[in-house]
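**Q** would you be able to build a 3D model of this:
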Amino acid sequence: VLVLQTDLSCSYISPVAARLLGYPKLGYQEFDLLSFVHRDDRVAATSLFNATQEGSMETIEIRLRHFVGTYAWFEVGGTDLTGDPSINGILLNAREIGDRKMAEERLLHSEARFKALVQNSTDLVIVIEPNGAVGYASPSVEASLGMPLSLIQGLQMSEVFAENTLPLTDLLESQQPLIGWNSAAIEFGYRATSGDWRILETTLTDLRGEPAVGGLVFNARDITDRKQMNELLLHQATHDELTGLPNRRHLLDLLSQTLDRNGGTTTVSALLVDIDDFKDVNDSLGHSFGDRLLEAIAERLTGLVHSEVLDAGDIAARIGGDEFVVAFERAHGEKQTADICEQVLVALNTPFVIDGRELTVTASAGLAFDHDRSNSAELLLQNADTAMYKAKDLGKRQVVVFESYMHVATFDRLELRADLARAVAQEQFEAYYQPVVNLATQKIVGAEALVRWRHPERGMVGPGLFIPLAEESGLIAPIGEFMLSTACEDLCDWREEFGAAVEDFTVSVNLSVQQLHDRRIVGKVSDILEQTGLPAERLVLEVTESTLITETEMISSTMQQLRSFGTRLAIDDFGTGYSSLGYIQQFEFDVLKIDKSFVDDLDSFTNQRIVSAVLQLADQLGVRTIAEGIEQELQAELLKSLGCKLGQGYLYAKPMPAQEFRELLRIASDPFEIPTEVVEFQV
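**A** Purely as a prediction, here's the structure:
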């Protein structure tokens with residue numbers, strides 16, 4: 001409390017002034033108000049004094065100098081009491097308001113920061129009033145929609161976002177809670193002023209009860225480009241890059257759906273068409289000409305699907321090279337279907353005109369039927385392929401219907417099947433190992449176990465020949481059990497011999513669909529681990545995408561049990577089927593193996609994008625990735641640049657017997673690294 005005279009001299013100052021201003025002692029004689037007031041506030045202080053003399057009761061905020069030299073905020077008000085004999089002066093009341101000013105400054109700073117964030121955010125921020133009108137729109141809305149904010153303000157949302165798919169009428173009902181919407185990211189589309197259809201990802205937050213907002217807060221970002229890129233990646237992963245037709249993996253999935261959809265009530269068939277002597281076209285006219293011819297063939301097949309020759313549910317696909325497939329959803333009678341297939345070959349025999357050059361091609365085809373759902377999609381194609389080769393043997397330019405004897409005639413299947421049973425009993429199988437390598441350091445971090453059959457008369461029989469036989473005959477289970485046991489024993493031996501250097505090694509073993517359907521597989525794996533003493537986390541069990549196409553609850557349960565006691569799971573050939581993301585959602589994996597088909601053409605921008613997307617997905621899921629089939633140094637460098645850390649392939653080493661792999665570990669540096677001489681020898 002101060003009492004000032006008209007000449008601003010002080011006649012009274014309350015004792016608390018000394019404490020508030022930090023002075024040991026402060027008397028009214030030495031108090032000069034203007035010398036204590038901050039120079040920027042002196043005009044306001046003088047004005048207050050003069051206004052008080054004129055009867056004003058206003059207050060002001062000024063800064064008074066503290067003893068230490070800083071300034072403290074005070075709220076000051078005055079009353080003219082010069083007529084009161086006991087006062088005889090201007091009474092000033094000064095209240096210290098430092099805490100309030102600090103709070104106000106923090107609030108102003110927070111508001112300024114929030115405003116700056118909203119004003120400069122690329123996300124669209126809109127407040128929708130209860131009547132559906134726009135109460136506020138951030139500058140990004142103007143930039144995104146191409147409409148001035150002055151016009152957007154007050155418009156209905158349906159006017160701002162034409163043809164939008166957002167159910168605003170329901171959302172704006174006062175009794176309608178935003179269940180499933182509030183703060184949850186959703187997508188909706190609208191028609192832009194350019195006529196393009198755009199897609200926004202948005203969250204809606206109900207702040208209608210907040211006086212400062214009073215509406216629904218709409219936060220959105222344009223994801224049109226991202227959606228288009230995802231669709232493009234999906235299309236590229238499931239379609240042939242040259243012709244745009246479904247690729248082999250996509251065809252298998254579509255064919256599986258067709259088989260499931262018909263449920264055995266109708267016949268499904270597959271026609272596999274191979275262009276005769278197509279290599280001569282490439283050799284004589286060039287690969288570019290050959291590519292354009294393949295495109296023309298694809299267009300002709302697609303035209304047949306859309307014509308009266310084929311039904312709407314039929315599928316045309318290119319499965320590789322000069323091989324095409326037409327799948328018939330409803331093959332009404334073998335004779336009728338075979339006649340339609342003859343029409344397909346006749347259509348392909350009609351001359352093509354490529355770059356002004358007329359060219360006539362012929363084709364051989366194999367036709368396979370599934371009458372009772374006894375075939376998988378893979379086997380149906382395999383049967384059609386076998387029949388196609390029979391057509392080639394018979395002189396080409398014809399359709400041959402698959403019959404069961406063809407497999408026997410082609411591969412001596414009956415004899416080989418009997419030999420296979422003896423091979424299981426006599427343990428004629430061997431485990432070969434291919435190193436898994438750290439791409440950056442070329443150090444070996446593990447191995448994949450691959451089965452080989454050393455036939456006493458035929459010599460080494462390739463797995464591509466005997467594995468299908470083993471699956472058909474039910475012998476794949478004992479072969480798989482042999483591989484599990486052998487791989488675990490070998491790794492245990494290496495761990496004992498090389499110690500800490502291989503402590504973190506893993507060995508991968510493939511599991512077939514039949515093994516996954518075997519209720520005893522979990523117990524067998526557990527017993528093998530216990531007998532060999534191999535830690536469970538050192539064993540990686542690999543399943544292929546084709547295995548997961550036949551996914552059942554039993555497979556899902558089996559995989560969960562295998563993973564529960566420590567073994568790791570890997571999905572092999574990942575990225576070749578469009579359902580890959582679905583598998584990841586259904587099953588938990590530790591390793592994703594990028595299929596060799598993407599590594600082969602990794603210098604193409606498309607494959608680089610696909611591999612990059614797979615690596616990013618794996619990183620988000622927290623799983624390891626291994627690239628398969630690395631054969632060139634360029635492929636390894638590209639994979640490293642994309643962020644892939646592990647790989648395997650002929651660039652580093654071919655699959656080799658256990659003894660050779662052990663020798664590789666022995667001569668390698670410590671920790672193990674692929675020796676240069678081994679790489680050169682293998683290549």
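**Q** how near is the closest residue in space to residue 128 that isn't next to it in sequence to residue 191?
**A** Nearest residue to residue 128, sequence neighbours excluded (Cβ to Cβ, 6 or more residues apart in numbering): residue 216, at 4.3 Å. All C-beta atoms are positioned from the backbone trio N, CA, C, and that covers glycine. Distance, residue 216 to residue 191, by Cβ to Cβ, to the nearest Å: 21 Å.
**Q** which of the two has more neighbours?
**A** Counted by other Cβ atoms under 10 Å, residue 216 and residue 191 do not tie: residue 216 has more neighbours, with 24 against 13.
**Q** please state the backbone phi and psi of that one?
**A** phi -90, psi 130 (degrees, to the nearest 10).
**Q** picking that back up, thought residue 131 was touching the residue nearest to residue 128, still the case?
**A** No - look at residue 216 against residue 131 with Cβ atoms under 8 Å: they stay out of range, at 11.4 Å.
**Q** and stretch 101-109, average pLDDT?
**A** Confidence for stretch 101-109, expressed as mean pLDDT, is 77.
**Q** local confidence estimate at residue 309?
**A** Reported pLDDT for residue 309: 66.
**Q** mind listing the strands for the stretch 201-350 of the chain?
**A** For the stretch 201-350 of the chain, the strands defined by DSSP state E, counting those that start in this stretch cover 215-222, 268-275, 315-320, 323-328.
**Q** could the ones you listed go into a markdown table alongside mean pLDDT and distance to residue 457?
**A** Shown next, in a markdown table, are the strands of the stretch 201-350 of the chain (pLDDT from 0 to 100; distance: least, Cβ to Cβ, whole Å):
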| stretch | mean pLDDT | distance to residue 457 |
| --- | --- | --- |
| strand 215-222 | 81 | 67 |
| strand 268-275 | 91 | 32 |
| strand 315-320 | 90 | 33 |
| strand 323-328 | 91 | 33 |
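**Q** can you redo the ones you listed as CSV with distance to residue 561?
**A** Output for those, formatted as CSV (distance: least, Cβ to Cβ, whole Å):
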stretch, distance to residue 561
strand 215-222, 42
strand 268-275, 34
strand 315-320, 36
strand 323-328, 36
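**Q** closest to residue 74 out of those strands?
**A** strand 215-222 (39.8 Å; Cβ to Cβ).
**Q** tell me what the closest one is packed against?
**A** strand 124-128, strand 197-207 (3 or more Cβ pairs under 8 Å, 6 or more residues apart in numbering; DSSP states H and E).
**Q** okay, now residue 61: neighbour count?
**A** Using other Cβ under 10 Å: residue 61 sits among 14 other residues.
**Q** from residue 92, how far off is the closest residue to it other than its chain neighbours?
**A** Nearest non-adjacent residue to residue 61, counting by Cβ to Cβ, 6+ apart: residue 75, 5.4 Å away. Note on residue 75: its distance to residue 92, by Cβ to Cβ, is 11 Å.
**Q** these two: which has the busier surroundings?
**A** Legend: neighbour count by other Cβ under 10 Å for residue 75 and residue 92, higher for residue 92 (21 against 15).
**Q** residue 488: what's it in contact with?
**A** 507, 528-529, 532, 534, 539 (Cβ atoms under 8 Å, 6 or more residues apart in numbering).
**Q** cool, and residue 161?
**A** By Cβ under 8 Å, 6+ apart, the neighbours of residue 161 are 190-191.
**Q** give me the pLDDT for it.
**A** So residue 161 comes in at 81 (pLDDT).
**Q** how far away is residue 189 from residue 142?
**A** Applying Cβ to Cβ to residue 189 and residue 142 gives a distance of 20 Å.
**Q** same check, this time on residue 12
**A** Counting by Cβ to Cβ, the gap from residue 12 to residue 142 is 61 Å.
**Q** out of the two, which sits in the busier spot?
**A** Each of residue 12 and residue 142 has its neighbours counted (other Cβ under 10 Å); residue 142 has more, 16 against 13.
**Q** not counting its neighbours along the chain, what's nearest the more buried one?
**A** In space, residue 142 is closest to residue 149, 5.0 Å off (Cβ to Cβ, 6+ apart).
**Q** so what's the residue count around residue 564?
**A** With other Cβ under 10 Å as criterion, residue 564 counts 10.
**Q** where do the helices sit along the stretch 551-683 of the chain?
**A** Secondary structure of the stretch 551-683 of the chain, counting by DSSP state H, counting those that start in this stretch: helices at 553-564, 580-586, 596-600, 605-621, 633-642, 658-667, 676-682.
**Q** distance to residue 50 added to the ones you listed, as JSON lines?
**A** What follows is the helices of the stretch 551-683 of the chain, written out as JSON lines (distance: least, Cβ to Cβ, whole Å):
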{"stretch": "helix 553-564", "distance to residue 50": "85"}
{"stretch": "helix 580-586", "distance to residue 50": "78"}
{"stretch": "helix 596-600", "distance to residue 50": "85"}
{"stretch": "helix 605-621", "distance to residue 50": "70"}
{"stretch": "helix 633-642", "distance to residue 50": "77"}
{"stretch": "helix 658-667", "distance to residue 50": "97"}
{"stretch": "helix 676-682", "distance to residue 50": "95"}
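**Q** now residue 166: how far from residue 187?
**A** 10 Å.
**Q** shared neighbours, these two?
**A** residue 202.
**Q** looking at those two, which is more packed in?
**A** residue 166 (22 against 13).
**Q** tell me the contacts of the residue nearest to that one when sequence neighbours are not counted?
**A** In space, and not counting its chain neighbours, residue 166 is closest to residue 188: 4.5 Å by Cβ to Cβ, 6+ apart. Contact partners of residue 188, counting by Cβ under 8 Å, 6+ apart, are 164-166, 199-200, 202.
**Q** change it to 7 Å
**A** Residue 188 makes contacts with 164-166, 200, 202, as judged by Cβ atoms under 7 Å, 6 or more residues apart in numbering.
**Q** report the distance from the helix or strand harbouring it to the chain centre.
**A** Remark: residue 188 resides in strand 186-191, with elements defined by DSSP states H and E. Distance of strand 186-191 from its chain centroid, counting by Cα atoms, centre = their mean, to the nearest Å, is 22 Å.
**Q** ok and that strand relative to strand 215-222, angle-wise?
**A** 80 degrees (axes from the mean of the first three to the mean of the last three Cα atoms, to 10 degrees).
**Q** my read: residue 34 touches residue 42, true?
**A** Yes - using Cβ atoms under 7 Å, residue 34 is in contact with residue 42, at 5.6 Å.
**Q** which one's more surrounded, these two?
**A** When residue 34 and residue 42 are compared for neighbours, residue 42 comes out ahead with 15 against 12, by other Cβ under 10 Å.
**Q** return the backbone torsion pair for that one.
**A** phi -70, psi -40.
**Q** contacts only, for it.
**A** By Cβ under 7 Å, 6+ apart, the neighbours of residue 42 are residue 34.
**Q** how far away is it from residue 36?
**A** 10 Å.
**Q** so where's the stretch 301-450 of the chain shaky on pLDDT?
**A** For the stretch 301-450 of the chain, applying pLDDT under 70 flags the ranges 306-309, 312, 332-333, 404-405, 407-414.
**Q** which parts of it are helices?
**A** 334-349, 377-393, 405-411, 413-426.
**Q** which other helices and strands contact the second one?
**A** Yep, that's helix 377-393 we're talking about. For helix 377-393, the packing partners by 3 or more Cβ pairs under 7 Å, 6 or more residues apart in numbering; DSSP states H and E come out as helix 248-262, strand 268-275, strand 363-370, strand 399-401, helix 405-411.
**Q** distance to residue 208 and mean neighbour count added to those, as TSV?
**A** What follows is those, written out as TSV (distance: least, Cβ to Cβ, whole Å; neighbours: other Cβ atoms under 10 Å):
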stretch	distance to residue 208	mean neighbour count
helix 248-262	46	19
strand 268-275	56	25
strand 363-370	59	25
strand 399-401	69	22
helix 405-411	71	15
